[in-house]
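In: A predicted structure for the sequence below; I have some questions about it.
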Amino acid sequence: MRARIVNGIVAEVFPEVINGSPIEDCFHPDFIAALAACPDNVEPGWTCAEGVFAPPSGPSLTQAQAAKLAAIEAERDRRIALGVTVTFPDGQALVQTRDETDIRNASGIASSGLAMVVTGQAGTLVYRDAANVLHSMTPAQAIQFGFEVAAAIQAVYTQSWGAKAAVAALTTPGAVLGYDVVANWPSA
């Protein structure tokens, strides 16, 4: 392995062979001359003083990213569990999405509405919201209800995927540790 060192900190590491070619065939000779040989376990963020490599005093990049990804997932789950505000025929109300049972109940109402529409059945479906208020819906309204719940949850998941990609793109433990996991989330 070889390391590019900037101000005593490993900025990048390169294997001796890249896509089947020796590293010398992949970069300009001046760039190769500026690289330092390093042990295979060296990662960006390590220090290098007089040819001696040492891990940073804090977590490694991999450790910091793993911890931040876990924090993003926890924030995602927390936000989903807060519930979803949807519009019923009689006004807006909070739908509980604390766990799989809550989400399954909302999906069940929407699925029942879809089945009724497909089979040509008329009728009313009833859902009890977080405040224990009953809301009557036609089959078509039940389908719309399901779409609203699913869309709100999907928006939270989409934000979590973007946050995970942003963390994966960060190149230093300090940048990862500084990433704000509670910023820019949609409300469910």
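Out: Great, that's in hand.
In: in a helix, that's where Asp77 is, yeah?
Out: Yes. Per DSSP: H, G, I helix; E, B strand; the rest coil, Asp77 lies within a helix segment.
In: could you pull out the strands for the chain?
Out: 2-6, 9-14, 17-18, 21-22, 36-37, 47-49, 52-54, 84-88, 91-95, 125-128, 134-137 (DSSP state E).
In: Same list, those, but as CSV with mean pLDDT and mean neighbour count please.
Out: Yep, even glycine has a C-beta here, placed from its N, CA and C like the rest. Converted to CSV, the strands of the chain look like this (pLDDT from 0 to 100; neighbours: other CB atoms under 10 Å):
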stretch, mean pLDDT, mean neighbour count
strand 2-6, 92, 17
strand 9-14, 90, 16
strand 17-18, 90, 12
strand 21-22, 91, 10
strand 36-37, 94, 12
strand 47-49, 90, 14
strand 52-54, 93, 12
strand 84-88, 95, 19
strand 91-95, 96, 15
strand 125-128, 96, 16
strand 134-137, 97, 16
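In: any chance of the ones you listed in a markdown table, plus distance to Val149?
Out: Below are the strands of the chain laid out as a markdown table (distance: least, CB to CB, whole Å):
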| stretch | distance to Val149 |
| --- | --- |
| strand 2-6 | 49 |
| strand 9-14 | 45 |
| strand 17-18 | 48 |
| strand 21-22 | 53 |
| strand 36-37 | 55 |
| strand 47-49 | 50 |
| strand 52-54 | 51 |
| strand 84-88 | 5 |
| strand 91-95 | 6 |
| strand 125-128 | 10 |
| strand 134-137 | 13 |
